[in-house]
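Visitor: Okay, sequence plus prediction incoming.
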Amino acid sequence: MMTASVLKYLQLSFYRAYVDLRVEASQSHLGVIWWILEPLVYLAAFYVIFEVFLQRGGEGFVGFLLCGLVFWRWFDSGVKKLSMSIYSAAGLISQVHVPKLVFPLVDFLSVTFRFLFVFIIFLVFAYFYAGELKAEWFILPLLLLVQGVLIFGVGGVLAALTPLIPDIKKVIDNLLMVMFYMSGIFFDITRLSPEHQQYLLMNPMAVLLQSYRAVIFDVGSVDWLRLMLVAGAGVLLSLLSLWLLLKLDRYYPRVLSR
Amino acid sequence: MKDLIALEGVGVCYKEGAFFTPQSTNWVLDNVSFSVKPGETLGIVGRNGAGKSTLLRLLADIIRPDRGVVTRRGGVTCSLLTLQLGFNSFLSGRENAINGGMLLGASREHMESALQEIKDFSGLGNSFDMPLSSYSSGMRARLGFSVALQAEPEILLIDEALGVGDHEFRQKSSEMMREWIRSDKTVIFVSHDTSAIGSLCDRAIWLESGQVACEGEPNEILAHYYTYDKVVQGIASDMGVPELAVRKSDFGRDPLKKLNQFKLDLRGDRVLEEKKYLDNASEGVEYYVPYKRPATSLLFEEECGRVVWVEGIHEVVSGGWDLVDRYEEYQQLAGQLAARLRQDKEEFCRGKLSRDMVRLLSSG
């Protein structure tokens, strides 16, 4: 009985994620092409500023930058979308009982699928860029898993809290912007003084981006201890969001229907 | 037969103010108890804000009560009829059907296997694979309804007021709803059109200010409901306060009891012949309300020597004791006219002509 309904809601989540992607693709003329275009636009802007104007990029800057942008986009769009997942489903929530966990899960699946699409294209690019297929790449799934858990944890907790504290919506965009500049997307954190590095590496995305670059482009090394801390934080946050969503399951319709 | 669902002393309260600093509590439902048996159609009447939608959400298990217990027979599903649940105009009818059905709790396999049936029932034909944006209101209503049918809840909750969309859509869906109510499914029906409740339901509940004022045979309940409405209207206009103020005051605390205190007269329009009965009435405000006859009622407020005359469900006149003579005059005339028009007298009293007559007579 229990497993049957879990299975049913998993099915529902996957179908809704599919629907979400379908709708997005049919809502714009270029459809899926936007997914690739977006990081490329960022890439062009940063490339022009840092490499051409400031001449600060250095060797392999395009790969470095693109790597940062691709994985950051996953985190950024994931957290933004997940944080609003329950809030924006207010209409549905007041008409039918669906376990609230479904909504962040749907958004996580659709954002992640979109990312994987871009990720594969990025890998092809990285292969030609680096000129070889490295054995280290087998670590990538592990890194993706850590980042996935992190996104679900952060986004899930925010999803659970936004309907109760609407002010969170205003905070999220600004916080993500600050985080964007602090994650070492367009600069190399290891070039900073050890003291400054310490502070910046408290940011889980900085740790993850460093690990991705180490694995894909052989820049620096993977900091396993910090990576484990990030994974631990992700798991804890995911559990917290699970607990909140189950506990407040029948409370959301009350706050959202007003 | 065992109850499908039973509510016992159920209360729902909403907290006003911010999440961390709730300022006041507002009991939207308070001490509500009733049960639903398999196959019956239960109607719920109540004015806006009486707690009808909260009650439906509670039954559909969307929210849980703050007080009391809701008992469901094992595995009984109870869902709100929503005709466009999760519908998206960029998706095809087929995709919307799967999505909507799964939201209502059906499995993917069930919906896939039901697709042909939905397609046939909705009569969409080739449009089934076209995006919803190309559908007419009627097509949307038919699709929505076929999907809701396929999810097969044991108890269907229908809130006719929830009908969204344009006029045509509402009309179409309303027709289909009524069709379904007439079948032997278990239905809980909320409507602003109370005559629909009278004709479609086996039993009715009158919800007043979050409490069950009374439950029973629909026409009887509707009679109470209307009478109370008129009484409240009368009092409100006499005192020069809004109706809501009367409902929320001490007077509105126990509506049925109040109506009972009005000394229900089971002999209908013979009220006036029983003047002795009036003379013996105890002190305080007394109303006489012919039972089971919402069409012709006469209310007396003895203490003040005032009379409230309620005729049909539309007309209410108040005035001095001489109104009683007008009333008698009206009864005679109405009887004669009804006979000449070959109408039932009760039916005549509800009509427009009767309304004009009451106005004419009461103004002298």
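Guide: Everything's here; your move. Computed from a predicted model, the values in this text were never measured in an experiment.

Visitor: Residue 68: how many residues sit nearby?
Guide: The chain I'm using is chain A. Neighbour count of A:Gly68, defined by other Cβ atoms under 10 Å in any protein chain shown: 27. For every residue, glycine as well, the C-beta is placed using N, CA and C.

Visitor: wait, chain B
Guide: Around B:Gly68 there are 17 residues (other Cβ under 10 Å).

Visitor: For the helix or strand hosting it, list the C-alpha coordinates in CSV.
Guide: Taking DSSP states H and E as the definition, one finds B:Gly68 inside strand B:67-72. Provided in CSV are the C-alpha atoms of strand B:67-72 (Å, rounded to 0.1, in the frame of the first residue of the first chain):
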residue,chain,number,x,y,z
ARG,B,67,-10.3,19.8,16.7
GLY,B,68,-12.4,16.7,16.5
VAL,B,69,-12.0,13.6,14.3
VAL,B,70,-12.7,12.8,10.7
THR,B,71,-13.2,9.0,10.2
ARG,B,72,-12.9,7.5,6.8
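
Visitor: any bit of it sitting next to chain A?
Guide: No. Using Cβ under 8 Å from any Cβ of the partner chain, we find that strand B:67-72 stays clear of chain A, coming within 11.4 Å at best.

Visitor: Sheet-wise, list the partners of whichever helix or strand comes after that strand with their directions.
Guide: Downstream of strand B:67-72, the next assigned helix or strand under DSSP H and E is strand B:78-80. Paired with strand B:78-80 in the same sheet, following DSSP bridges, are strand B:155-159 (parallel).

Visitor: okay, the angle between the strand it pairs with and strand B:67-72?
Guide: For strand B:155-159 against strand B:67-72, the angle by axes from the mean of the first three to the mean of the last three Cα atoms, to 10 degrees is 120 degrees.

Visitor: hmm, who's touching strand B:155-159?
Guide: Here strand B:155-159 makes contact (Cβ atoms under 8 Å, 6 or more residues apart in numbering or on different chains) with B:4-5, B:36, B:52-53, B:56, B:59-60, B:76-81, B:148, B:177, B:180-181, B:185-191.

Visitor: Just the ones of the residues you listed in strands?
Guide: Among these, the members found in strands (DSSP state E) are B:5, B:36, B:78-80, B:186-190.

Visitor: if we take the residues you listed, which one ends up nearest to A:Ile86?
Guide: Nearest to A:Ile86 among those, counting by Cβ to Cβ, is B:Leu80 at 19.0 Å.

Visitor: doesn't B:Ala60 make contact with the closest one?
Guide: Yes. Using Cβ atoms under 8 Å, B:Leu80 is in contact with B:Ala60, at 4.7 Å.

Visitor: Could you measure from B:Lys230 over to A:Thr162?
Guide: The spacing between B:Lys230 and A:Thr162, counted by Cβ to Cβ, to the nearest Å, is 47 Å.

Visitor: go on, B:Asn126?
Guide: From B:Asn126 over to A:Thr162 (counting by Cβ to Cβ), the distance is 42 Å.

Visitor: How about B:His110?
Guide: Computed as Cβ to Cβ, the B:His110 to A:Thr162 distance reads 33 Å.

Visitor: Repeat that for B:Thr227.
Guide: The gap separating B:Thr227 from A:Thr162 is 47 Å, by Cβ to Cβ.

Visitor: Which residues of the stretch 101-250 of chain B lie near chain A?
Guide: B:102-105, B:107-108, B:131.

Visitor: ok, of the residues you listed, which one's closest to A:Leu12?
Guide: The nearest one, if we look at these relative to A:Leu12 and count by Cβ to Cβ, is B:Met102, at 4.6 Å.

Visitor: so that closest one is in which element?
Guide: According to DSSP H and E, B:Met102 maps onto helix B:93-103.

Visitor: for that helix, packing partners?
Guide: helix A:2-27, helix B:108-122, helix B:137-151 (3 or more Cβ pairs under 8 Å, 6 or more residues apart in numbering or on different chains; DSSP states H and E).

Visitor: Would you mind listing the buried residues in the longest one?
Guide: Which is helix A:2-27. Residues of helix A:2-27 classed as buried by neighbour count (16 or more other Cβ atoms under 10 Å in any protein chain shown): A:8-9, A:12-22, A:24.

Visitor: follow-up on the earlier one: neighbour-wise, which of B:His110 and A:Thr162 wins?
Guide: Per other Cβ under 10 Å, whichever of B:His110 and A:Thr162 has more neighbours is A:Thr162, with 21 against 16.

Visitor: Relative to A:Leu236, how far out is that one?
Guide: Distance of A:Thr162 to A:Leu236, given as Cβ to Cβ: 19 Å.

Visitor: and if you look at A:Gly91?
Guide: Taking Cβ to Cβ, one finds A:Gly91 at 32 Å from A:Leu236.

Visitor: Then A:Arg16?
Guide: Noted for A:Arg16: a distance of 27 Å to A:Leu236, by Cβ to Cβ.

Visitor: Now A:Gly156. Nearest residue, chain neighbours left out?
Guide: Closest residue in space to A:Gly156, ignoring its immediate chain neighbours: A:Ser241 at 2.9 Å, by Cβ to Cβ, 6 or more residues apart in numbering or on different chains.

Visitor: mind listing what's buried in the strand or helix carrying the one you found?
Guide: For A:Ser241, the host element (DSSP H and E) is helix A:224-247. Neighbour counts over helix A:224-247 (16+ other Cβ under 10 Å) mark A:226-227, A:230-231, A:233-234, A:237-238, A:241-242, A:244-245 as buried.

Visitor: Poorly predicted segments of chain A, please.
Guide: A:1, A:57, A:258 (pLDDT under 70).

Visitor: what angle sits between the lengthiest helix in it and helix A:2-27?
Guide: In chain A, with assignment by DSSP state H, the single longest helix is helix A:102-130. Per the same axes, to 10 degrees, the angle that helix A:102-130 makes with helix A:2-27 is 60 degrees.

Visitor: Now do the contacts for residue 147.
Guide: As the question left the chain open, I've gone with chain A. Applying Cβ under 8 Å, 6+ apart to A:Gln147 gives the contacts A:71, A:74-75, A:208.

Visitor: I was after chain B.
Guide: Contacts here follow Cβ under 8 Å, 6+ apart; on that basis B:Val147 touches B:85, B:96-97, B:100-101, B:104, B:118.

Visitor: can you tell me which of those lies nearest to A:Tyr252?
Guide: Minimum separation from A:Tyr252 among these (Cβ to Cβ) is found for B:Leu85, which lies at 17.0 Å.

Visitor: ok, now how distant is that closest one from chain A?
Guide: 6 Å (Cβ to the nearest Cβ, to the nearest Å).

Visitor: now do B:Pro153
Guide: B:Pro153 sits 10 Å away from chain A when distances are taken as Cβ to the nearest Cβ.

Visitor: and that residue, that's in a strand?
Guide: No. The assignment for B:Pro153 (DSSP: H, G, I helix; E, B strand; the rest coil) gives coil, which keeps it out of a strand.

Visitor: low-confidence ranges in the stretch 151-300 of chain B?
Guide: Residues of the stretch 151-300 of chain B that meet the criterion pLDDT under 70 lie in B:160-166, B:168-170, B:192-193, B:234-240, B:249-254, B:256-300.

Visitor: in it, which spans are helices?
Guide: Ranges of helices within the stretch 151-300 of chain B are B:167-182, B:194-200, B:218-239, B:243-248, B:255-261, B:275-279, based on DSSP state H, counting those that start in this stretch.
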